[in-house]
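*Asks:* Have a look; sequence and predicted model below, questions after that.
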2 protein chains.
Amino acid sequence: MQVTVLAGGIGAARFLGGLVETLASTPEDPSITVIGNTGDDIRLFGLQVCPDLDSVMYTLGGGASEERGWGREDETFTVLEELRAYDAMPEWFGLGDRDLATHILRTQMLNGGYPLSDVTAALCARWKLPVRLLPMTNDRVETHVVIDDPQSQSRSAIHFQEWWVRHRAEVPAQEFLFIGANEALPGPGVLEAIKDADLVILPPSNPVVSIGPILAVPGIRNALVTTKAPIVGISPIVGDAPVRGMAHKCLEAINVRTSAAGVGAHYGARSDGGLLDAWIIDSLDAATAGAVTELGMHCETMNTLFDEPGTARTVAARAVEFAKEL
Amino acid sequence: MQVTVLAGGIGAARFLGGLVETLASTPEDPSITVIGNTGDDIRLFGLQVCPDLDSVMYTLGGGASEERGWGREDETFTVLEELRAYDAMPEWFGLGDRDLATHILRTQMLNGGYPLSDVTAALCARWKLPVRLLPMTNDRVETHVVIDDPQSQSRSAIHFQEWWVRHRAEVPAQEFLFIGANEALPGPGVLEAIKDADLVILPPSNPVVSIGPILAVPGIRNALVTTKAPIVGISPIVGDAPVRGMAHKCLEAINVRTSAAGVGAHYGARSDGGLLDAWIIDSLDAATAGAVTELGMHCETMNTLFDEPGTARTVAARAVEFAKEL
């Protein structure tokens, strides 16, 4: 059974942990391919940082910080402290010492001419990942956020990380731009992984800035619309609020209501030219199940909060069942 | 008073500490320019490492490890541990976390197009150095060591750091090559610092692999031979052995006897077309003073072991006196 998952950062990574556990007990030989968002990537201090790819890699490799939600466990920040002593910019991005080793090696390989897909595979080899992690593209795609700059009073576009980390998404986003996406090619294996899948999953990632950039790479949306595999999504919105992160700030900017039904409608039903065959929403949003069904997709209501142990596995198991039902 | 010092790593750095102290108490407005060896420089994990420049910078900036003789004090090695977990090569070079911040910033600036001299000045700004530190060249010069490879049984050339750090200089050196030196230009300010000096000092650095590469940059040796300033050297050999490091392994390769007189003869007397007006040797080598004088240079005999507090200052003070006497 071939399962393909479009992934942002920590929300997707935790779901994937449950999916790996679920499929480990299937009799069929399961194989999981993860298509990772690279729109968040940023070059800091000359080093290429891929936050979403690394969140998946560290989480599934057993090296992620559970508490922090990004970066490595048992982390120290000595190098960053020294960079600050040199007045190196930017001063608002946190990079741990363990994490830095990943960025140093990645940058060395990229500067040596290897594509990001090869570099990612080389880094993942250490972590013995139970999934195949593919960057959505080997080309440069950067999510920028259009804001009304509070200092200059003028409209400007800043890197997503500056908006997210430095401004904590508190400056209203007017628009999201996926710079370079129009010219980007899907990474090696990406379209095949969607086309040949038995099941495609949209985990509870930010629909705008995690899944959005993946869908912006020409060819990927069409591969999803046309794949024979059912596509099952899990709502990242529970009780009209994001489970984690600041997805509501992103959804506002694109005029999507921050609700399970709102995001379901944003993705759209496949029966209606959209992406979803089924949408798994949290029990807290049970009242909205009717509205979801009316969109033309199956709706499943269950506990989706991964903070409780076993939930990710149960949700993943339900998504896998859909592959047989749909 | 303008003093110009050709410098290798820790031996030069400790001497410079004494020189700074000495000149701080002169009534004349003293200025010290250090011409640093970059032949030891090596790119590791994509990062440009300049061991000798950094030894001078950290030592004079108060951030060097006294015990280790290289790198930063209060150092940790978390990033290196992680690089090793990724099986990153080479595995034989030690890079501390604090030290890495320097290499990360240096590489970022070099990759941004800044010459090493500007980058070095930018890094030194943090450390508020009491000297001006100039790389001998902005061009790539790399010291390679010709060895009979114990594995392949064939003659090959390896980077100096591989010979020094990995093989601990135990594989006999057949020859030293300063790759790129023939095409290199002296760094900005280097020739002027020699020409306009009131005193030039060769501190107790390795004559072959620390001072040797500096002298191999076209124009520098000639500037020394022709400067009006007296040139005073301090022997790095005490009692027929190097004070620290493995200079004897280097001297053997170029057929220079490992003795104060041997190195004095290697540099040669200015009266004879060489570099030295005066040679300061250790009291342990007093018996060889006559042989040094016979070379055609002044010879001073005194305690030169910097391990005792105050010695570097006393030796530096004697070198400064020569500027008035010669």
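*Replies:* Received the coordinates, thanks.

*Asks:* residues contacting the closest residue to residue A:235 other than its chain neighbours?
*Replies:* Spatial nearest neighbour of residue A:235, chain neighbours left out: residue A:260 (4.1 Å); criterion: C-beta to C-beta, 6 or more residues apart in numbering or on different chains. The way it works is simple: take the backbone N, C-alpha and C, and place the C-beta from them, glycine included. Residues near residue A:260 by C-beta atoms under 8 Å, 6 or more residues apart in numbering or on different chains: A:235, A:237, A:238, A:279, A:281, A:282, A:285, A:288, A:292.

*Asks:* what sits opposite the fifth one in the beta ladder?
*Replies:* Beta-bridge partners for residue A:281, by DSSP bridges, are residue A:301.

*Asks:* Count the residues that sit near it.
*Replies:* Counted with other C-beta atoms under 10 Å in any protein chain shown, the neighbours of residue A:281 add up to 26.

*Asks:* Do I have it right that it meets residue A:235?
*Replies:* Yes - using C-beta atoms under 8 Å, residue A:281 is in contact with residue A:235, at 4.7 Å.

*Asks:* what touches both of these two?
*Replies:* Taking C-beta under 8 Å, 6+ apart as the contact criterion, the common neighbours of residue A:281 and residue A:235 are A:260, A:264, A:304.

*Asks:* in its sheet, what does the worst-scoring helix or strand of chain A on mean pLDDT sit against?
*Replies:* Lowest by mean pLDDT, DSSP states H and E among the helices and strands of chain A is strand A:241-242, with a mean of 84. Take DSSP bridges as the rule and strand A:241-242 pairs in its sheet with strand A:237-238 (antiparallel).

*Asks:* Mind listing residues that contact the strand it pairs with?
*Replies:* A:243, A:247-248, A:258-260, A:262-263, A:281-282, A:284-285, A:304-305.

*Asks:* try 10 Å
*Replies:* The contact list for strand A:237-238, computed with C-beta atoms under 10 Å, 6 or more residues apart in numbering or on different chains, reads A:204, A:207, A:243-244, A:247-248, A:251, A:256-264, A:281-285, A:288, A:303-305.

*Asks:* Same question for stretch A:147-162.
*Replies:* By C-beta under 10 Å, 6+ apart, stretch A:147-162 touches A:39-44, A:49, A:51, A:90, A:92-93, A:142-146, A:163-167, A:169-179, A:209, A:213, A:250, A:253.

*Asks:* and the next element down the chain from the strand or helix carrying residue A:19?
*Replies:* Assessed by DSSP states H and E, residue A:19 sits inside helix A:10-24. With elements assigned by DSSP H and E, the helix or strand that comes after helix A:10-24 is strand A:31-36.

*Asks:* Please enumerate the strands of chain A.
*Replies:* Ranges of strands within chain A are A:2-7, A:31-36, A:42-44, A:47-49, A:132-135, A:142-148, A:155-159, A:173-179, A:199-202, A:231-234, A:237-238, A:241-242, A:278-282, A:298-302, based on DSSP state E.

*Asks:* Out of these, name the one with the poorest average pLDDT.
*Replies:* For the strands of chain A, the weakest mean pLDDT is recorded on strand A:241-242, namely a mean of 84.
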